[in-house]
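A.B. asks: Any chance you could fold what I've pasted below:
(one chain, ligands or ions: 2)
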Amino acid sequence: MSSEASENVLIGVIGGSGLYHLDNLTFVKHVNPETPWGYPSSPITVCALPSGTKVAFLARHGAGHSIAPSAVPARANIAALKSLGVRAVLAFSAVGSLREEIAPGDFVLPTQIIDRTKGVRPASFFEGTTVVAHAAFGDPFAGRLVRWLEARVRAALAHAARGGAVPGLHTDKCIVCMEGPQFSTRAESQMYRAWGADIINMSVLPEAKLAREAELSYALIATATDYDAWRPNESPVTAAEVFKTLQENARISRHVAATVLEELHAAAAEGDILTEEAGSMQYSIMPRSEQQKEEDRQKLAYILPAYFS
Ligand SMILES: CSC[C@H]1O[C@H](OP(=O)(O)O)[C@H](O)[C@@H]1O
Ligand SMILES: Nc1ncnc2[nH]cnc12
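C.D. replies: Ligands and ions are numbered 1, 2, ... in the order given. Have a look, this model is predicted:
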């Protein structure tokens with residue numbers, strides 16, 4: 001754990017496509033920790049809320065969006081946030097909608113994930129080590145945190161509309177994470193609907209899995225940009241279509257972040273919304289054996305000092 005931990009930065013925000021900075025915060029500093037899994041996507045911005053409370057912001061694809069979804073250094077990102085003392089991650093993502101009622105511009109708080117990544121992304125901190133662990137992932141998002149967010153995000157959306165329609169908020173939805181970088185075919189898009197998926201992106205995995213392994217509470221605030229490729233009489237999604245809504249979605253996402261962060265920090269400091277994930281790896285790690293290399297244990301101590309120091 002780095003000396004940054006003493007800063008008491010409890011909340012980390014990961015910005016997705018279109019969201020490369022937050023609003024109304026005082027810049028404190030940039031930090032760029034070298035983790036055992038390399039450097040994060042970009043230096044992390046530590047900034048202060050009006051009360052002085054610090055939060056950490058990280059642009060998932062880099063500050064200039066130079067990192068493709070399959071190449072995001074998700075292990076370094078999660079490990080770097082953990083090294084700052086972060087306990088909860090609010091991740092933002094631009095997503096396609098697989099349901100008529102989830103319109104472009106709407107917000108979604110998913111509670112389930114279907115994994116359609118192709119095994120090319122390192123998806124575990126334990127990969128390549130002599131330590132075996134199996135994190136519980138049946139409920140991939142931090143349930144208490146997601147439920148806590150629901151009313152706050154709804155209220156923030158009502159204030160963010162600027163005279164236009166208030167964006168809808170959809171809860172209890174399922175997100176499918178595909179490999180990309182190409183968008184889905186029409187057949188795939190229809191298959192995901194038949195599987196019960198409601199939205200689609202290329203980024204929630206392995207981020208959510210790694211957050212769980214690092215015992216961080218993780219919630220995704222998704223913003224719909226398009227209807228993907230399932231509508232029979234409409235053109236399938238293009239990047240140009242995504243870009244049309246990206247800026248406005250990012251503006252509203254910044255408003256949501258600015259609205260919830262102060263209260264979230266206070267709730268996290270009190271502790272009761274983040275209790276599900278803390279300690280969750282304790283019985284997920286196979287017992288210590290002679291075959292576990294000390295160097296691997298030292299590496300894992302970076303994210304789980306309670307079990308490996
Ligand atoms: C720009 S379209 C596809 C791209 O957008 C989403 O990124 P993020 O989740 O970081 O907002 C999606 O996951 C894809 O990576
Ligand atoms: N249709 C889509 N598929 C995958 N990722 C996306 N991000 C935004 N729209 C998307």
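A.B. asks: contacting residues around the residue in the stretch 1-150 of the chain that ligand 2 sits nearest to?
C.D. replies: Closest residue of the stretch 1-150 of the chain to ligand 2, Cβ to the nearest ligand atom: Gly96 (2.3 Å). All C-beta atoms are positioned from the backbone trio N, CA, C, and that covers glycine. For Gly96, the contact set (Cβ atoms under 8 Å, 6 or more residues apart in numbering) comprises Phe183, Ser184, Ser189, Ile199, Ile200, Asn201, Ala224, Thr225, Asp226, Tyr227, Asp228, Val237.
A.B. asks: Does the last one touch Trp230 like I think?
C.D. replies: The reference is to Val237. No - Val237 is not in contact with Trp230 according to Cβ atoms under 8 Å; the separation is 9.7 Å.
A.B. asks: neighbour count winner among those two?
C.D. replies: Legend: neighbour count by other Cβ atoms under 10 Å for Val237 and Trp230, higher for Trp230 (24 against 21).
A.B. asks: Helix or strand: which one has that one?
C.D. replies: Counting by DSSP states H and E, no helix or strand carries Trp230.
A.B. asks: Next to ligand 2, which bits of the stretch 1-150 of the chain? Give me the list.
C.D. replies: Ala94, Val95, Gly96 (Cβ under 6 Å from any ligand atom).
A.B. asks: any idea which of those is the one closest to Asp272?
C.D. replies: Using Cβ to Cβ, Val95 comes nearest to Asp272 of these, at 29.4 Å.
A.B. asks: what are the bridge partners for the closest one, then?
C.D. replies: Ala224 (DSSP bridges).
A.B. asks: What are the boundaries of the strands in the protein?
C.D. replies: Using DSSP state E, the strands found in the chain span residues 11-15, 26-31, 44-48, 54-59, 88-97, 107-116, 169-178, 199-201, 217-226.
A.B. asks: As a markdown table, the ones you listed with distance to ligand 1 and mean pLDDT would be great.
C.D. replies: Putting the strands of the chain into a markdown table (distance: least, Cβ to the nearest ligand atom, whole Å; pLDDT from 0 to 100) gives the following:
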| stretch | distance to ligand 1 | mean pLDDT |
| --- | --- | --- |
| strand 11-15 | 8 | 97 |
| strand 26-31 | 20 | 96 |
| strand 44-48 | 16 | 97 |
| strand 54-59 | 9 | 98 |
| strand 88-97 | 3 | 98 |
| strand 107-116 | 12 | 98 |
| strand 169-178 | 8 | 98 |
| strand 199-201 | 3 | 98 |
| strand 217-226 | 7 | 98 |
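A.B. asks: Kindly reformat the ones you listed as JSON lines containing distance to Ser70.
C.D. replies: Shown next, in JSON lines, are the strands of the chain (distance: least, Cβ to Cβ, whole Å):
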{"stretch": "strand 11-15", "distance to Ser70": "16"}
{"stretch": "strand 26-31", "distance to Ser70": "26"}
{"stretch": "strand 44-48", "distance to Ser70": "22"}
{"stretch": "strand 54-59", "distance to Ser70": "17"}
{"stretch": "strand 88-97", "distance to Ser70": "15"}
{"stretch": "strand 107-116", "distance to Ser70": "12"}
{"stretch": "strand 169-178", "distance to Ser70": "10"}
{"stretch": "strand 199-201", "distance to Ser70": "12"}
{"stretch": "strand 217-226", "distance to Ser70": "18"}
